[in-house]
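> Test case, fold it:
(chains A and B)
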Amino acid sequence: MPNRSGKRVKLMKSRSIKVDYLARVEGEGGIHIKVQDKTVTDVRFDIFEPPRFFEAFLRGRHFTEAPDITARICGICPIAYQMSSIHAMESACGVSITGQLRALRRLIYCGEWIESHALHIYMLHAPDFLGYQDVLQMAKDHGDAVKKALKLKKIGNELVTLLGGREIHPINLRVGGFYHLPTKQELNALVERLKWARDAAVETVQLVATFNFPDFERDYEFVSLSHEKEYPFNEGRLVSSKGLNIPISEYENNFLEEHVSYSNALHSVRKGGGAYHVGPLARFNLNYDKLTPMAKEAATAVGLSLPLTNPFKSIVVRGVETVFACEEALRVIGEYELPEKPFVEVQPKAATGYGITEAPRGILYHRYRLNEKGLIMDAKIIPPTSQNQKTMELDLREFVPSRLGLTQDKLTWQCEQAIRNYDPCISCATHFIQLDIQ
Amino acid sequence: MKKEHKPKLAIWKFSSCDGCQLSLLDCEDELLAVAEHIEIANFPEASRQVVKGPYDLSLVEGSITTPHDAERIHQVRRLSKVLVSIGACATAGGIQALRNFKDVREFTSIVYATPSYIETLNKSTPISDHVFVDFELRGCPINKVQLVEVLSAFLNHRKPATPTYSVCLECKRRGTVCGLITHGPPCLGPVTQAGCNALCPSYQRGCFGCFGPKETPNTSSLAEYWRTLGMKNLDLLHLFRSYNAYAESFRKESEAHEK
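Below you'll find the model as predicted:
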């Protein structure tokens, strides 16, 4: 059971901050921090969510099954899993999807960003800034904001449901395209709702920008996709704020995973470098010029400027990205014409394929090796949360020392809040333990 | 002020993807209304506040895969007046039950760099293998309309109205043309429990069994017929061995095609 006693202990020399079961995140994790004479001696962000061995199950399955199987890794961002696996399979088989089918993939991703960001901003993170245990308590004082949040989230889910069949583990995405296409009329029916959502997202940015942000900045290496014309969802090169610029197939040559005893997830680091930062803040810093005009305006109006290195402000960036996702969705719908066929036939090849897409919480890497029959021989999946895990711990290491004067309860809560900056999805992170055959 | 007693709800997570408990937060139109009638007393995904048990209703997501969880579920049972398991992981062991068909011990020692860091059981098992379960809500993921029905049923001391017939009936009711006839197999609709409102067939795709076996499914007859139409053993095996692989009738059927 969580240990959240608020006792103040005077003049202590050693102190520990412990959250056994971190709330308002997806999955099971905890925080353990040890302080000795005002120095942080140990920080552990534990992941004790049990391993589920996905990379093992995938072996021997048909390549067309991967999108549905990997969706089950995470109920919060199934689109990300489906998109990364689908792009990896298509890259192995030498197929590239263009035109309206490609645009529809951006559209469903917009839906996932809208619902996931709305969920995180209002239901998981805002209560920290405003001092509530949860969104239901917050609703008592901020009823209108919470109702607006629920509607915004619902519109994101409606988009996912229309294109994907349902909001959790959608059934309509496949290697090569979709099973069934929406009509122009069905999409048009969402236009007014999306316009409302866009305005609500702008108001969200204005609201969350008024929160009190701890004075805390770090020199991160931000890593995200980068596309020459678009704010990234599914395609692009992998770039960083410290000069990395590689095709996604080079990912494993540039990043390493470390296995630590206390975690059921691996820590990722840059080879020859250190921890890095993925997610909204990284995308914003690396792709600001590709944001839509309204999203840029929403950002500048509240004083966001580059580089943005306060992780607590990720909540504002999630708002900006929600504005972008609504605008992008409206653009795709406006230009939509029903394609002739819902999918392109994809013939399997004995080859290796790579996919990286931008899950709401950062880049999600998939790599599959297929045989000539299209059976998966080997799979590797690296979710955003395990890539951020080391950065989260380093944040706490720097965050805690100057705040040792706070009561145990307050400091504990602030540490939790610092972890929630990353919208960690622990269910995801834990499934990727070391499936490298030796 | 009059203090009204609200029933206390707890949500527990075992090995899972979090999607089923997210369904509660996805009830955007109902969430605030639900919270008016129920005290959400223990729901770590949504709140850092934990109200002590016992709880009037516990929703349990996920399967049992570690020695620690095999103990913890008994503690949850003791704290719960009514315990409802939600989703394919909790009712059938979930996709992670695919491990049940392999020797995990051997597998772990070959595959893992540091297997001693990982604590895991050989099998992923449903909640009902460990404790008495008052009701099982199927689905991968569950249907949120059915979730609200379950909450409402237990609040009013009645049995939830969730059908145990097949997906085929939902297709007929929707007026979806039968894909098994127009496109051919596979479609698990005839042997899968309803609950999704026959979603996949309405998207021109065969059912792949998210809600697990229906009451009295005749899987062998269906598989045998598909074999005469040219389906291969491996495809039949994979078809029955997915999200509800360890549900008895699907498990037996997949094993029948294992050579």
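
> give me phi/psi at the closest residue to A:F255 other than its chain neighbours?
The spatially closest residue to A:F255, leaving aside those adjacent along the chain, is A:S268, at 5.5 Å (CB to CB, 6 or more residues apart in numbering or on different chains). Every residue, glycine included, has its C-beta placed from N, CA and C. Main-chain dihedrals, A:S268, degrees, to the nearest 10: phi -100, psi 140.

> again, but for A:T407
The phi and psi values for A:T407, taken as degrees, to the nearest 10, are phi -70, psi 160.

> which SSE is A:E258 in?
strand A:255-259 (DSSP states H and E).

> what is the mean pLDDT for that strand?
Here strand A:255-259 scores 81 as its mean pLDDT.

> who touches stretch A:230-245?
A:83, A:87, A:102, A:105-106, A:109-110, A:220-228, A:246-248, A:250-251, A:254, A:270, A:273, A:276, A:282-283, A:285-287, A:290-292, A:307, A:324, A:328, A:356-358, A:363 (CB atoms under 8 Å, 6 or more residues apart in numbering or on different chains).

> Name only those of those residues that count as buried.
Using 16 or more other CB atoms under 10 Å in any protein chain shown as the burial test, the contacts of stretch A:230-245 include A:83, A:87, A:105-106, A:109-110, A:220-226, A:248, A:251, A:270, A:276, A:282-283, A:285-287, A:290-292, A:324, A:328, A:356-358, A:363 as buried.

> can you tell me which of those are up against chain B?
For chain B, no contacts are drawn from the buried ones among the contacts of stretch A:230-245 by CB under 8 Å from any CB of the partner chain.

> Those residues in helices, which ones?
The helices, defined by DSSP state H, take in A:83, A:87, A:105-106, A:109-110, A:251, A:282-283, A:285-287, A:324, A:328 from the buried ones among the contacts of stretch A:230-245.

> so where do the helices sit in the stretch 51-200 of chain A?
A:54-57, A:66-71, A:78-93, A:99-118, A:126-130, A:135-141, A:143-164, A:184-188, A:191-208 (DSSP state H, counting those that start in this stretch).

> What is the last one packed up against?
I take that to be helix A:191-208. helix A:99-118, helix A:143-164, helix A:293-301, helix A:314-334 (3 or more CB pairs under 8 Å, 6 or more residues apart in numbering or on different chains; DSSP states H and E).

> Low-confidence bits of chain A, can you list those?
For chain A, the stretches with pLDDT under 70 are A:1-13, A:259-266, A:427-438.

> Where does it get nearest to chain B, residue-wise?
Of all residues in chain A, A:G75 sits closest to chain B, at 2.0 Å by CB to the nearest CB.

> does that residue really touch B:D26, like I thought?
No: between A:G75 and B:D26 there is no contact under CB atoms under 8 Å: 9.6 Å.

> hey, what's in contact with both of these two?
Each of A:I168 lies in contact with both A:G75 and B:D26 under the rule CB under 8 Å, 6+ apart.

> These two - which one has more neighbours?
A:G75 (27 against 24; other CB atoms under 10 Å in any protein chain shown).

> separation between B:E45 and B:V34?
Going from B:E45 to B:V34 by CB to CB, to the nearest Å gives 15 Å.

> Looking at those two, which is more packed in?
More crowded of B:E45 and B:V34, by other CB under 10 Å: B:E45, with 23 against 18.

> Let me see the contact set for the more buried one.
Contacts of B:E45 (CB under 8 Å, 6+ apart): A:A23, A:R24, A:V25, A:E26, B:I11, B:K13, B:D18, B:Q21, B:L22, B:L25.

> quick one: which of those residues is most hemmed in?
Top of the contacts of B:E45 by neighbour count (other CB under 10 Å): A:E26, with 30 neighbours.

> Check what pLDDT whichever residue of chain B sits closest to chain A gets.
Closest residue of chain B to chain A, CB to the nearest CB: B:G19 (2.0 Å). At B:G19, the model reports a pLDDT of 94.

> B:H130 now?
B:H130 is assigned 98 on the pLDDT scale.

> returning to that earlier point: mind putting the ones in helices among the buried ones among the contacts of stretch A:230-245 in CSV, distance to A:E158 included?
Shown next, in CSV, are those (distance: CB to CB, whole Å):
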residue, distance to A:E158
A:M83, 19
A:H87, 25
A:R105, 17
A:R106, 17
A:Y109, 15
A:C110, 12
A:Y251, 34
A:A282, 28
A:R283, 24
A:N285, 31
A:L286, 30
A:N287, 26
A:F324, 18
A:E328, 16
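
> Tell me the one among the residues you listed nearest to A:E297.
Within those, the smallest distance to A:E297 is 11.1 Å, found for A:F324 (CB to CB).

> roughly how far apart are B:V76 and A:I315?
B:V76 is 33 Å from A:I315, by CB to CB.

> what do you get for A:G131?
15 Å.

> Those two: which has the busier surroundings?
Comparing A:G131 with A:I315 by neighbour count (other CB under 10 Å), the higher total belongs to A:I315, at 28 against 9.

> can you give me the offset of stretch A:230-238 from its chain's centre?
Distance, stretch centre to chain centre, for stretch A:230-238: 14 Å (CA atoms, centre = their mean, to the nearest Å).

> Please apply the same query to stretch A:87-103.
Mean-position distance between stretch A:87-103 and its chain equals 22 Å (CA atoms, centre = their mean).

> buried residues in that stretch?
Under 16+ other CB under 10 Å, the buried positions of stretch A:87-103 are A:H87, A:A88, A:M89, A:E90, A:S91, A:A92, A:C93, A:V95, A:I97, A:Q100, A:L101, A:A103.

> what sits up against that stretch?
With CB under 8 Å, 6+ apart, stretch A:87-103 has contacts from A:63-64, A:66-67, A:105, A:175-178, A:234-235, A:249, A:332, A:335-339, A:342-344, A:346-349, A:351-357, A:366-370.

> Could you work out the end-to-end span of that stretch for me?
Stretch A:87-103 has an end-to-end distance of 14 Å (criterion: CA to CA, to the nearest Å).

> before we move on, what about stretch A:111-127?
Span of stretch A:111-127 from end to end, CA to CA: 23 Å.

> Identify the residues contacting the residue of chain A closest to chain B.
A:E26, A:I168, A:H169, A:S427, B:S16, B:C17, B:D18, B:G19, B:C20, B:L22, B:P141.

> number of nearby residues for the fifth one?
Translated: B:S16. B:S16, neighbours per other CB under 10 Å, totals 31.

> Surely it touches B:G62?
Yes: assessed by CB under 8 Å, B:S16 is found in contact with B:G62 at 3.4 Å.

> Let me know how buried residue 204 is, in neighbour terms.
I went with chain A, as the question did not name one. 28.

> Chain B, not that one
17.

> Next: the one 10 residues further on.
Other residues within reach of B:K214 by the criterion other CB under 10 Å amount to 25.

> pLDDT wise, what is it at?
97.

> which residues touch it?
B:T164, B:Y165, B:S166, B:V167, B:V191, B:T192, B:Q193, B:A194.

> Now B:V76. Its backbone dihedrals?
Note on B:V76: its backbone torsions stand at phi -60, psi -40 [degrees, to the nearest 10].

> Quick one: name the residues of the stretch 151-259 of chain B near chain A.
Within the stretch 151-259 of chain B, the positions near chain A by CB under 8 Å from any CB are B:196, B:199-200, B:202-205, B:208, B:210, B:235, B:238, B:242-243.

> could you redo the last one with a cut-off of 10 Å?
B:196-197, B:199-200, B:202-208, B:210, B:234-235, B:237-239, B:241-243, B:245 (CB under 10 Å from any CB of the partner chain).

> per the record, what domains does chain B have?
Segmentation of chain B into domains, based on automatic domain parsing, reads B:8-155, B:167-256.

> Ends of the longest one, what's the gap?
Start to finish, the residues bounding domain B:8-155 are 10 Å apart (CA to CA).
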